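Novice: Quick one, what's the 3D model for this:
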Amino acid sequence: MAQEIQNNKDNLNSTEISVSNKNVDISIVIVNYNVRDYLNDCLKSIYQSKTNLNFEVIIVDNNSNDNSCTYLKPHFPQAKFIELNENLGFAKANNLGFKQASGKYVLILNPDTIVSTDTLQTMYDFMEEHTEVTLAGCKVLNPDGTFQLPCRRGFPTPWTAFSKLFGLQKLFPKSKLFAKYNQTFRSIDETYYVDAVMGAFMFARLDKILEIGGFEEKFFMYGEDLDLCYRIYQNNGKVAYFHQTSIIHIKGESTRRSSIDETKHFYQAMEIFVKKYYSNSKIFLLILHFGIFIRSFIAHLSNYKKDFPVIFLDLLIANISLLFSTTFKFERLFGFPNYAYPTVFIVISLVVFSSQFAVGEYFEGEHSYRKLLFGYLISFFFLSALTYFFKNYAFSRGVLLLTITFSLIFSSLIRFFIFTYKKSKNRSKNKIKKIAFVVSKTKINQVVEDIEKYKLNKLFQIQGVFCYDSIFENNYYQNLKILGNLDYLLRNVQNFQIDELIVYKKNEMEDELNLLITRAFNKSIKLHIINQFEEFFASEIINDIVQDQPYIKNFRLLLPRYKFAKRLIDLLFAIFMLTIASPITIYKNYKYKKYFKSILNVFKGKFSLIGIYELENIQNYNAKPGLYNLAMFSKDKNLSQDSIKKLNDYYELNYSLALDFDILTKSIFKGEK
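Specialist: A predicted model of the protein is given here:
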């Protein structure tokens, strides 16, 4: 035991507040969301603990749709279940559990954990001996036995946050200066005080947790553990890392089985924490915002990492083609006047990239010869038009035509080699495609019959089935794994590495299904929408020949080019209204302060010029709330929530620049603001 802990223990008043039920030593609070199978294993490990302590288990279910409570109650009748009607998040759900707890200590435990047989007794003994410690964590391991770094952490002070956000911690893991956040300079086999421990396992004195108000409920996911530990620190409590027992944590299962954007919530949580405790440090907040923006931007770019080599090769080909064409025309490598370089290289690179981006050749799944051709045609006409405005660069349209022709030929060859390489690689590895089905409950039996009839187990690796229905009772239907309902689709097509998705049509859910599978399509899987399984083989041929997704309606709000165009229009509008048009706005609009606040929100990206009507569950939409929206055209000022939702759904499903233009012009003529 570290001497530091012993010294502090001797100097601390160990008076403790009694709890309502003295017979309970430990209250174990577990927040569950769609991880019934993992929670089942977690509860088994708890009840197999070797201890004479009295403990209670309180399970707070965050509106799971996998029938967690119905399934688990008969198996664990001694546990207390709190079933919620909505997903309140980790913090609120735990606070509800604390109110029901009656133990001297509370163990905050994730459902995707396995506790060792000695964990409860060992942690209890540690806390009894070290009365100065308010909260403690133990050694947290991955299923393969490796150590999880976040199980002991430092607070994200200005320097610590800077070191983490900008990668200094990763570069210098043994440095006390740079590695304060994950404490990687310390041994994992010693016990010591730390700033914070992981929310997956927190063993604390219940009275002290209630005294500081439990978890901060502003946090939905991530950050609440840091915040709790910081408030313990502010109340002169101690947080300790205790190495003599361990748990296994299957990291992120609840998140993996939902449609929650964990990257977004992680950075939002860090921002909330810093604003709460370091609001006076304006420079730090500015640096943090910049760091969060950079990390978040990189995280989103990583979704398109396969496109960057192709983009680089396309731009390299375009510039080499330009050099080759000038050599062919002028009989020397740099045939243009000296002042033209490097401008011509920069311009052709920007135009080629922008054109291919505009037609959807980049960042939208599989590459296409058709889109490539359209992109180069746009490049040719745009560059030709530029020469009319910049006469000093009107050297030769013949050179331009040759450049575009060579670029098209060699870029097409690049794609041909990529397609050929992928196919040959799959053949050489004898790779069996991973497939999954999307089907209603009533047709699951048909899927089982189709698998048997067409001997699909010999042709494919069948990952399982997604159900249209909001509730499903079991993890398996016969031997077919249930992967979840449509809420699971976005994340699990990636997590289960599904190559092809076979969708059995359900007409009444066509719009919702199309939106969801379009998102899945953006993850570069192949989709087959069928009525009967016989149609699958025809669909597979079409996919291979066309190199496109013929069944998918492209929802434009999900496509990077449309997101970029919409954001650009918003920025131009906001800048215009905040500068040139501001005197007119102040003169015409007596509520100009409120109006300018709305314009600032557009500039910051919180709102859009045209969007949806703001509702409570707006996080379920890709569209942002708009200054102008379809709901504002209603003659009934008390439009129902259902009607507004239908209008919002229509906007998201049918978004186009033309629709935005129609809404804007009609709003202006109507005189709406």
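
Novice: Report back the residue of the chain that's furthest from centre.
Specialist: In the chain, residue 331 marks the outermost C-alpha relative to the chain mean, sitting 53.5 Å out by Cα atoms, centre = their mean.

Novice: quick one: contacts for residue 228?
Specialist: Listed by Cβ atoms under 8 Å, 6 or more residues apart in numbering, the contact set of residue 228 reads 135, 199, 202, 209, 212, 214, 215, 216. No exception for glycine: its C-beta is placed from N, CA and C like everyone else's.

Novice: Apply 10 Å and report the result again.
Specialist: Neighbouring residues of residue 228 by Cβ atoms under 10 Å, 6 or more residues apart in numbering: 91, 94, 108, 134-135, 196-197, 199, 202, 204, 209, 212-216, 219, 239.

Novice: now do residue 436
Specialist: 460-466, 480-481, 483, 489, 492-493, 496, 498-503, 525.

Novice: among the contacts of residue 228, which ones are buried?
Specialist: Neighbour-count burial (16 or more other Cβ atoms under 10 Å) applied to the contacts of residue 228 gives 91, 94, 108, 134-135, 196-197, 199, 202, 204, 209, 214-216, 219, 239.

Novice: Mind picking the two most distant members of those?
Specialist: The most widely separated members of those, counting by Cβ to Cβ, are 134 and 219 (19.3 Å).

Novice: Next, work out how far apart residue 177 and residue 505 are.
Specialist: 59 Å (Cβ to Cβ, to the nearest Å).

Novice: let me fix that: residue 387
Specialist: Distance from residue 387 to residue 505, by Cβ to Cβ: 51 Å.

Novice: The contacts of residue 436, buried ones only, as a ChimeraX selection?
Specialist: Buried members of these, defined by 16+ other Cβ under 10 Å, are picked up in ChimeraX with:
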select :460,461,462,463,464,465,466,480,483,489,492,493,496,498,499,500,501,502,503,525
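
Novice: Among the contacts of residue 436, which ones are in helices?
Specialist: 489, 492, 493 (DSSP state H).

Novice: Looking at these, spot the one nearest residue 56.
Specialist: Nearest member of the ones in helices among the contacts of residue 436 to residue 56, counting by Cβ to Cβ, is residue 492, at 33.6 Å.

Novice: Thought residue 525 was touching the closest one, still the case?
Specialist: No: taking contacts as Cβ atoms under 10 Å, residue 492 lies outside contact range of residue 525: 11.1 Å.

Novice: Need the residues touching each of the two.
Specialist: 436, 498.

Novice: ok so, going back, the buried ones among the contacts of residue 228 in strands, which ones?
Specialist: Judged by DSSP state E, the buried ones among the contacts of residue 228 include 108, 134, 135, 196, 197, 202, 204, 239 as members of strands.

Novice: Let me see the contact set for the fourth one.
Specialist: In this structure, residue 196 makes contact with 135, 137, 150-156, 181, 183, 202, 225-230, 232-233, 239, 241, judged by Cβ under 10 Å, 6+ apart.

Novice: which of residue 177 and residue 505 has more neighbours?
Specialist: Higher neighbour count among residue 177 and residue 505: residue 505, with 17 against 12, using other Cβ atoms under 10 Å.

Novice: how far away is that one from residue 452?
Specialist: Taking Cβ to Cβ, one finds residue 505 at 21 Å from residue 452.

Novice: repeat for residue 152
Specialist: The value you get for residue 152 to residue 452, if Cβ to Cβ is used, is 52 Å.

Novice: Please say which of those two ends up with more neighbours.
Specialist: residue 152 (28 against 11).

Novice: CA atoms only: put stretch 602-616 into PDB for me.
Specialist: The C-alpha trace of stretch 602-616 is given here as PDB (Å, rounded to 0.1, in the frame of the first residue of the first chain):
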ATOM      1  CA  VAL A 602     -26.700  29.800 -37.900                       C
ATOM      2  CA  PHE A 603     -23.100  31.100 -38.100                       C
ATOM      3  CA  LYS A 604     -22.000  28.700 -35.300                       C
ATOM      4  CA  GLY A 605     -23.700  25.800 -37.000                       C
ATOM      5  CA  LYS A 606     -26.300  25.200 -34.300                       C
ATOM      6  CA  PHE A 607     -29.100  26.200 -36.600                       C
ATOM      7  CA  SER A 608     -29.600  26.300 -40.400                       C
ATOM      8  CA  LEU A 609     -31.200  28.900 -42.600                       C
ATOM      9  CA  ILE A 610     -33.700  26.200 -43.800                       C
ATOM     10  CA  GLY A 611     -34.300  23.200 -41.700                       C
ATOM     11  CA  ILE A 612     -36.700  21.400 -39.400                       C
ATOM     12  CA  TYR A 613     -39.000  22.700 -36.600                       C
ATOM     13  CA  GLU A 614     -37.200  22.300 -33.200                       C
ATOM     14  CA  LEU A 615     -38.600  19.500 -31.100                       C
ATOM     15  CA  GLU A 616     -37.500  17.700 -27.900                       C
END
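
Novice: mind listing which of the contacts of residue 196 are in helices?
Specialist: The members of these that map onto helices under DSSP H are 225, 226, 227, 228, 229, 230, 232, 233.

Novice: which one of the residues you listed is nearest residue 340?
Specialist: Using Cβ to Cβ, those come closest to residue 340 at residue 226, 55.6 Å.

Novice: Can you check the pLDDT for that closest one?
Specialist: As predicted, residue 226 sits at a pLDDT of 90.

Novice: And the closest residue to it other than its chain neighbours, how far from residue 278?
Specialist: Spatially, and ignoring its direct neighbours in sequence, residue 226 is nearest to residue 196 (5.0 Å; Cβ to Cβ, 6 or more residues apart in numbering). Going from residue 196 to residue 278 by Cβ to Cβ gives 15 Å.

Novice: Could I get the full set of helices for the stretch 551-673 of the chain?
Specialist: Ranges of helices in the stretch 551-673 of the chain, per DSSP state H, counting those that start in this stretch, are 560-578, 582-588, 592-604, 641-653, 657-670.

Novice: looking at the ones you listed, which one has the lowest mean pLDDT?
Specialist: helix 582-588 (a mean of 66).

Novice: and residue 351, what is it in contact with?
Specialist: When contacts are counted by Cβ under 10 Å, 6+ apart, residue 351 is found next to 318, 375, 378, 379, 380, 382, 383, 386.
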